[in-house]
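Novice: Compute the structure for the input listed below.
(one chain, ligands or ions: 1)
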Amino acid sequence: MSTIFSKIINKEILANIVYEDDLVLAFKDITPQAPIHIIIIPKVTDLKTLNDINEKHITVLGHIVFVAIKIAKSEGISENGYRIVMNCNADGGQSIFHIHLHLLGGREMNWPPG
Ligand code: AMP
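Specialist: Below is the predicted model of the structure:
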């Protein structure tokens, strides 16, 4: 199924891309919830939610976390800290059904999250 994120991967719609390699794409969130808010997605399009993950996706999942940490360092938020979040389905607050990781930083986060 085509989503906004697959259109961003295919360059059918523009995004503010901050990192790209063969497996993943990272771009600035269009509605940032923190001074730094970056979305990191796998380029595979068969992962609508975290529930679709199986053993064959372990490498790409590890990769999106690794890229998030690299970006946190390059954005200068690693020392103060940051949050990475993956929402799943309705109760998790997921609105786009192509799995993605949020990297949020540049301000103090609240706990528990809303
Ligand atoms: P979620 O609610 O976890 O599914 O997160 C989806 C995120 O995608 C939200 O934070 C949106 O602001 C963000 N978003 C939606 N459309 C775009 C877009 N065209 N470019 C960048 N971020 C987007």
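Novice: Can you list the neighbours in contact with stretch 86-106?
Specialist: Outside stretch 86-106, the residues that touch it by CB atoms under 8 Å, 6 or more residues apart in numbering are 1, 3-6, 26, 29, 33-42, 45, 47-53, 64-65, 68, 71-72, 75, 77, 80-85. (C-beta placed from N, C-alpha, C; glycine too.)
Novice: So which of those residues belong to helices?
Specialist: Ile4, Phe5, Ser6, Ile64, Val65, Ala68, Ile71, Ala72 (DSSP state H).
Novice: Give me the pLDDT for the third one.
Specialist: This means Ser6. For Ser6, the pLDDT comes out at 96.
Novice: Roughly how far does the spatially closest residue to it that is not a sequence neighbour sit from Ala90?
Specialist: Nearest non-adjacent residue to Ser6, counting by CB to CB, 6 or more residues apart in numbering: Thr45, 5.1 Å away. According to CB to CB, to the nearest Å, Thr45 stands 21 Å off from Ala90.
Novice: likewise Gln33?
Specialist: 19 Å.
Novice: swap in Phe97?
Specialist: 11 Å.
Novice: okay, those two: which has more neighbours?
Specialist: Neighbours per residue (other CB atoms under 10 Å) separate Phe97 from Ala90, with Phe97 holding more: 15 against 8.
Novice: Backbone torsions only: list them for the more buried one.
Specialist: phi -100, psi 60 (degrees, to the nearest 10).
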